[in-house]
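Novice: What shape does this take:
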Amino acid sequence: MPDVLHGDGMNVVATDPYILADDFLCTMTGPITAVHIWGSWLDDQRDPSVQFKLSFHSDVPAGVDVDTPWSHPGPELWSMFFNPAQYQVRSWFFENQRFYDPFFGVVGSDTRIWQYNFFIPEVLAFHQQFGNIYWLDVQAFSDGDLFGWTTSYDHFNDNAVFGDGSFWEPMHDPDYDPDGTKPLDMAFVLETVPEPGSSLLACLGGRTVLAAKTATPGQAPLSKGACTKNKRSLSRSSFVPRLW
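Specialist: Numbering: from 1, shown residues only. Have a look, this model is predicted:
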């Protein structure tokens, strides 16, 4: 989930030509029919016409690529562009946070975190396979304003990375982690379609949440609980990312 109330959260620029990516473990085979991310805008100057490219990639584990020895996205497996008519956005939280450019450091601040919800028809969705590690890539296309993806306090596997598709660099907090030993992760939730009568699994970039399938299509799950070793219940407002 987004890193708020801890005092060290920030938003990392993910606006063209930058791309940010974070890895996750598939815990259930099936199509990913929704992607939810959190983000802010430099100086709170939000572009209402922003477009997004989301993509899923295979995993290149650390040590496999000689030129890029850290874990990073591999070949693109799926991608989709979303214009404002194809996603939903809502104001999610107010907190003064840093706005971070991996090349130039902290370049400013923002105070408003937004939640962006992308719903994908099942016939067009990416089908993940149980047990695989994948990467979610996020890139915003804006007319002059800078969108930043919000960091998460949940950690899974390796550092999130930034790049432009031709290179990848692992990220760390420039203020609280000058030695680069504390991994940086991004805030997102994925939804996948379960088999009839089974449970709905959603991956939160380092946390997997189990939600009982008690709602009709288009509605939110009515009950949920964490199914990782670090059990923590999530409130309806924090887990269910849909807009009403």
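Novice: Tell me how far the residue at minimal distance from the centre of the chain lies from Phe56.
Specialist: Per Cα atoms, centre = their mean, the C-alpha nearest to the average position across the chain is that of Phe188, at 3.0 Å. Note on Phe188: its distance to Phe56, by Cβ to Cβ, to the nearest Å, is 12 Å. Glycine gets a C-beta too; all of them are placed from N, C-alpha and C.
Novice: Quick check: neighbours shared by the two?
Specialist: Common contacts of Phe188 and Phe56, defined by Cβ atoms under 8 Å, 6 or more residues apart in numbering, comprise Leu136.
Novice: Would you check that Asp59 makes contact with Gly74?
Specialist: Yes. Assessed by Cβ atoms under 8 Å, Asp59 is found in contact with Gly74 at 6.0 Å.
Novice: what ranges of this structure fall below the confidence cut-off?
Specialist: 1-8, 175-182, 194-244 (pLDDT under 70).
Novice: residues near Tyr116, how many?
Specialist: Per other Cβ atoms under 10 Å, the neighbour tally for Tyr116 reads 24.
Novice: Surely it is in contact with Val89?
Specialist: Yes. Taking Cβ under 8 Å as the definition, Tyr116 is a contact partner of Val89 at 5.2 Å.
Novice: Dihedrals phi and psi, Met186?
Specialist: Per-residue torsions, Met186: phi -110, psi 160 (degrees, to the nearest 10).
Novice: Just to check, it is in contact with Asp22?
Specialist: Yes. Counting by Cβ under 8 Å, Met186 touches Asp22, with 4.3 Å between them.
Novice: I'd like to know how far the residue nearest to the centre of the chain sits from Val66.
Specialist: 30 Å.
Novice: anything in contact with each of Asp59 and Gly74?
Specialist: By Cβ under 8 Å, 6+ apart, the residues touching both Asp59 and Gly74 are Trp135.
Novice: Neighbour count: those two, which is higher?
Specialist: Counting neighbours by other Cβ under 10 Å for Asp59 and for Gly74 shows that Asp59 has the greater number, 19 against 16.
Novice: which residue sits closest to the more buried one, ignoring its sequence neighbours?
Specialist: Leaving aside its chain neighbours, Asp59 sits nearest to Ile133 (4.1 Å; criterion: Cβ to Cβ, 6 or more residues apart in numbering).
Novice: So what sits opposite the one you found in the bridge?
Specialist: Counting by DSSP bridges, Ile133 is bridged to Leu25.
Novice: got a list of what it touches?
Specialist: Neighbour list for Ile133: Asp23, Phe24, Leu25, Cys26, Asp59, Pro61, Asn157 [criterion: Cβ under 8 Å, 6+ apart].
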